[in-house]
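Chemist: turn this into a model:
(chains A and B)
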Amino acid sequence: DGGITQSPKYLFRKEGQNVTLSCEQNLNHDAMYWYRQDPGQGLRLIYYSQIVNDFQKGDIAEGYSVSREKKESFPLTVTSAQKNPTAFYLCASRIPGLSNQPQHFGDGTRLSIL
Amino acid sequence: GQQVMQIPQYQHVQEGEDFTTYCNSSTTLSNIQWYKQRPGGHPVFLIQLVKSGEVKKQKRLTFQFGEAKKNSSLHITATQTTDVGTYFCAANTGNQFYFGTGTSLTVIP
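Modeler: Numbering: from 1, shown residues only, chains lettered A, B, ... in the order given. Below is the predicted model:
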């Protein structure tokens, strides 16, 4: 079955530590996205990538970094510069450019500070 | 960036009652999508609206896009416990999606 796999499901970060969240998709989608969701709030865009080796900052990119070396993979690193990283992180993918294409989401990663 | 407001933030209804959530934008939208997120789950695409004044139905769910393409609504008739979750609208600008804050629906049996 095609889909998006995020790992791990739960992640704990120590002070000053960088952590990387994995996102892999086998839907053959060019576009991939990372969102942050805080309790009672909507999804806020961190980074997105329309094609391999290219990515753009979203509204809340500070303290995060990404790479897009392969079409299937779009890992997100939460750096120590992100002072409030506790949140639910969602990865999504879609066919880019065609405005009627929906986003497909992974099951998410819950990140907490130790 | 794009601002998309959604109300109400929370709604508790008795099973069998109707439910409506509203989405408003300060700018004209090319299209709008609706997603449902079950508790503990991830958002799942429900529908997209493109045309001014468009109305689409999915069983008990009715979706509307305003004439000015600045607002949209989702109406659920005779809610069931399976309708529980958070409903989000999302404005699509081509490369990015701007999500509303969501409406969390609780259905009391």
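Chemist: for residue B:24, what are its contacts?
Modeler: When the contact criterion is C-beta atoms under 8 Å, 6 or more residues apart in numbering or on different chains, the partners of residue B:24 are B:4-7, B:70-71. For every residue, glycine as well, the C-beta is placed using N, CA and C.
Chemist: if we go to 6 Å?
Modeler: Taking C-beta atoms under 6 Å, 6 or more residues apart in numbering or on different chains as the definition of contact, the neighbours of residue B:24 are B:5, B:71.
Chemist: what about it, which SS state?
Modeler: Three-state secondary structure (criterion: DSSP: H, G, I helix; E, B strand; the rest coil) places residue B:24 in strand.
Chemist: what do you get for the one 5 residues further on?
Modeler: Recorded secondary structure, residue B:29: coil (three-state DSSP).
Chemist: ok, it - how many residues close by?
Modeler: Neighbour count for residue B:29, taken as other C-beta atoms under 10 Å in any protein chain shown: 24.
Chemist: now swap in residue A:47 and tell me
Modeler: The local packing count at residue A:47 equals 21, with neighbours defined by other C-beta under 10 Å.
Chemist: over to residue B:2?
Modeler: Counted with other C-beta under 10 Å, the neighbours of residue B:2 add up to 15.
Chemist: wait, what's in contact with the closest residue to it other than its chain neighbours?
Modeler: The shortest distance from residue B:2 to any residue other than its chain neighbours is 3.9 Å, reached at residue B:98 (C-beta to C-beta, 6 or more residues apart in numbering or on different chains). Counting by C-beta under 6 Å, 6+ apart, residue B:98 touches B:2, B:4, B:91.
Chemist: what is the nearest of the residues you listed to residue B:47?
Modeler: Nearest to residue B:47 out of these is residue B:91 (C-beta to C-beta; 14.1 Å).
Chemist: picking up where we left off before, out of the contacts of residue B:98, who's nearest residue A:12?
Modeler: Residue A:12 has its nearest neighbour among those in residue B:4, at 32.3 Å by C-beta to C-beta.
Chemist: quick one, what contacts the closest residue to that closest one other than its chain neighbours?
Modeler: Spatial nearest neighbour of residue B:4, excluding adjacent residues (C-beta to C-beta, 6+ apart): residue B:100 at 4.5 Å. By C-beta under 6 Å, 6+ apart, the residues touching residue B:100 are A:42, B:4, B:6, B:23, B:88-89.
Chemist: for residue B:3, see how far away residue B:100 is.
Modeler: 10 Å (C-beta to C-beta, to the nearest Å).
Chemist: and what of residue B:16?
Modeler: Computed with C-beta to C-beta, the distance linking residue B:16 and residue B:3 is 35 Å.
Chemist: swap in residue A:47?
Modeler: Distance of residue A:47 to residue B:3, computed by C-beta to C-beta: 20 Å.
Chemist: phi and psi next, for the nearest residue to residue A:65 once chain neighbours are set aside.
Modeler: Counting by C-beta to C-beta, 6+ apart, residue A:65 lies nearest to residue A:77, which is 4.7 Å off, once chain neighbours are set aside. Backbone dihedrals for residue A:77, given as degrees, to the nearest 10, come out at phi -100, psi 130.
Chemist: quick check: chain neighbours aside, which residue is closest to residue 5?
Modeler: Here I'm looking at chain A. Counting by C-beta to C-beta, 6+ apart, residue A:5 lies nearest to residue A:24, which is 4.8 Å off, once chain neighbours are set aside.
Chemist: let me rephrase: I mean chain B.
Modeler: residue B:24 (4.8 Å).
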